[in-house]
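In: With the sequence up front, the predicted model follows.
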Amino acid sequence: MNYALSIAIALSLVFSHASAQHTPKGKLFIIGGGSRSNDLIKKLVETADLKSKDYIVVLPMASELPVESFQGIAKQIGELIPNKITSFNFSRATVGNKRWVDSLRNARLIYIAGGSQDRFMDVVKNTPVYEAIHAAYKNGSTVAGTSAGAAVMSKVMITGQQLAGDTTYKETFDKLWDKNIEFKDGLGLLDSVIIDQHFLKRSRHNRLISALAAYPDYTCIGIDESTAIIVRGNNIEVSGESQVMTISEPQGLKVNSRGLILMQDLRFGLYADGEKFLIR
């Protein structure tokens, strides 16, 4: 074997090892909102692969009804497995609670309830709670979320707010204008991916196209209600009753003099239960 080839192989092994070290050991189970079938929750439990002493933490901070949110998911999971399920409804006043944070860090399944993604991130951003979620995911825990709990998974998080013209909140966008979509910092468990939820049910295609125009190097994923994606590294599996849409790699992307988004083509995918795809 010649010297140059030996060096190339050695560097390849080093980079592969470094990449493996930085890839979280955990999984993400991201639900697009709506009802959660028993089959979907069974898939969540199967994905988390809980042992008898493992426990589950629910984070209901996105919800206006945190107790009800906790009780709903706890009942569904509790009908399948006997593991302990607890809720930590953190506030800015309690994000430093060491006992809660340590319990969160060691939870084998973390579930983020729906509601407002802004409300959730206003509590956890730049706090020990944020760090504990990342530590759990890095060390092999499953982090799940529904609706707003799905949107927060991304580093670049959709808030749902339009910025141009009439900014009254609407479930979908009525414009495809440049710089019309508001983003904030999410949890960052997914990088170079933007998640939207309630996708087909609420016709959020315009919103996702707007996100892709703002971040053309990203993969934008719309998850419909009663449907989830399971993320293992860069491998995605779809589970549930409806579909998942992906858009990426826009071609000929530009903005005209009126601020309208234009593009000639893009990469499009549509997936249903049991199908798999890769993200970059």
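Out: That came through, no problem.
In: which SSE is the nearest residue to Lys276 once chain neighbours are set aside in?
Out: Ranked by C-beta to C-beta, 6 or more residues apart in numbering and with sequence neighbours excluded, the top spatial neighbour of Lys276 is Glu237, at 5.0 Å. In this view, the C-beta of every residue, glycine as well, is placed from N, C-alpha and C. Using DSSP states H and E, Glu237 maps to strand 235-240.
In: Partner strands of that strand, with direction?
Out: strand 227-232 (antiparallel), strand 276-278 (antiparallel) (DSSP bridges).
In: all helices for this protein, in order.
Out: Along the chain, the segments classed as helices by DSSP state H run 3-22, 38-48, 66-78, 98-105, 117-124, 128-138, 148-151, 205-214.
In: you'd agree Gly34 is up against Arg202?
Out: No. Counting by C-beta atoms under 8 Å, Gly34 stays clear of Arg202, with 9.9 Å between them.
In: So what's the residue count around the closest residue to Asn180 other than its chain neighbours?
Out: With sequence-adjacent residues excluded and distances taken as C-beta to C-beta, 6+ apart, Asn180 is closest to Ala164, at 4.2 Å. Using other C-beta atoms under 10 Å, Ala164 has 14 other residues around it.
In: Next, count neighbours for the residue nearest to Leu266 when sequence neighbours are not counted.
Out: Once flanking residues are discounted, Leu266 sits nearest to Pro250: 4.6 Å by C-beta to C-beta, 6+ apart. Using other C-beta under 10 Å, Pro250 is surrounded by 21 other residues.
In: For Pro250, give me its contacts.
Out: Leu212, Ala213, Pro216, Met263, Asp265, Leu266 (C-beta atoms under 8 Å, 6 or more residues apart in numbering).
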